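Predicted coordinates and the sequence they were generated for:
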Amino acid sequence: QVQLVESGGGLVQAGGSLRLSCAASGRTFSSYAMGWFRQVPGKEREFVAAITWDGGRTKYADSVKGRFTISRDNAKNTVALQMNSLKPEDTAVYYCAADRRSTSIMEMWEEYDYWGQGTQVTVSS
């Protein structure tokens, strides 16, 4: 069992940066692949980025490639999402998620086992 808590969301102007963090409880954090998703009201949860258990592989949605970076620190049980060059269309609630398949890079939210409560990111134009 893993419990996830996101932080770092807020209001930022277009072109600015934010760093989201997800803190995980449990001694088995390093055995999970991790992902970030986002959701706006009325739309399905959207894949943003994912990382394998050891950080050896990452994957990004085309919409954020080159602007966002996912990373993890297994010693601190955290996964981060550095978001640069933010755009108004990045506005959403951002969620981190854990996948028990440690080497997987899954883009479908249904494939993930544990979720945080989400953090709001608002980008003003």
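That came in fine, so what should we check first?

Let me see the contact set for the nearest residue to Trp115 once chain neighbours are set aside.
Sequence neighbours aside, Ala97 is the residue nearest to Trp115 in space, at 5.1 Å (criterion: Cβ to Cβ, 6 or more residues apart in numbering). Where you see a C-beta, it was placed from the backbone N, CA and C, and this is true even at glycine. Residues near Ala97 by Cβ atoms under 8 Å, 6 or more residues apart in numbering: Leu4, Met34, Gly35, Trp36, Phe37, Trp109, Tyr112, Asp113, Tyr114, Trp115, Gly116.

How is Ser30 assigned, secondary-structure-wise?
helix (DSSP: H, G, I helix; E, B strand; the rest coil).

What number of residues are in the vicinity of the residue nearest to it when sequence neighbours are not counted?
Take Ser30 and drop its neighbours on the chain: the residue closest to it by Cβ to Cβ, 6+ apart is Asn74, 4.0 Å away. By other Cβ atoms under 10 Å, 15 other residues sit near Asn74.

Tell me the spacing between the spatially most central residue of the chain and Arg19.
Nearest residue to the geometric centre of the chain (Cα atoms, centre = their mean): Trp36, 2.2 Å. Distance, Trp36 to Arg19, using Cβ to Cβ, to the nearest Å: 12 Å.

For stretch 34-45, buried residues please.
Buried residues in stretch 34-45, counting neighbours by 16 or more other Cβ atoms under 10 Å, are found at Met34, Gly35, Trp36, Phe37, Arg38, Arg45.

ok, so of those residues, who is nearest Ser102?
Met34 (9.7 Å; Cβ to Cβ).

In which helix or strand does the residue nearest to Trp115 reside?
According to DSSP states H and E, Ala97 maps onto strand 92-99.

What strands line up against that strand, and which way round?
Partner strands for strand 92-99, per DSSP bridges, with pairing direction: strand 33-39 (antiparallel), strand 114-115 (antiparallel), strand 119-124 (antiparallel).

Would you format the ones you listed as JSON lines with distance to Tyr60 included?
Listed next are the strands paired with strand 92-99 as JSON lines, based on distance: least, Cβ to Cβ, whole Å:
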{"stretch": "strand 33-39", "distance to Tyr60": "9"}
{"stretch": "strand 114-115", "distance to Tyr60": "20"}
{"stretch": "strand 119-124", "distance to Tyr60": "16"}
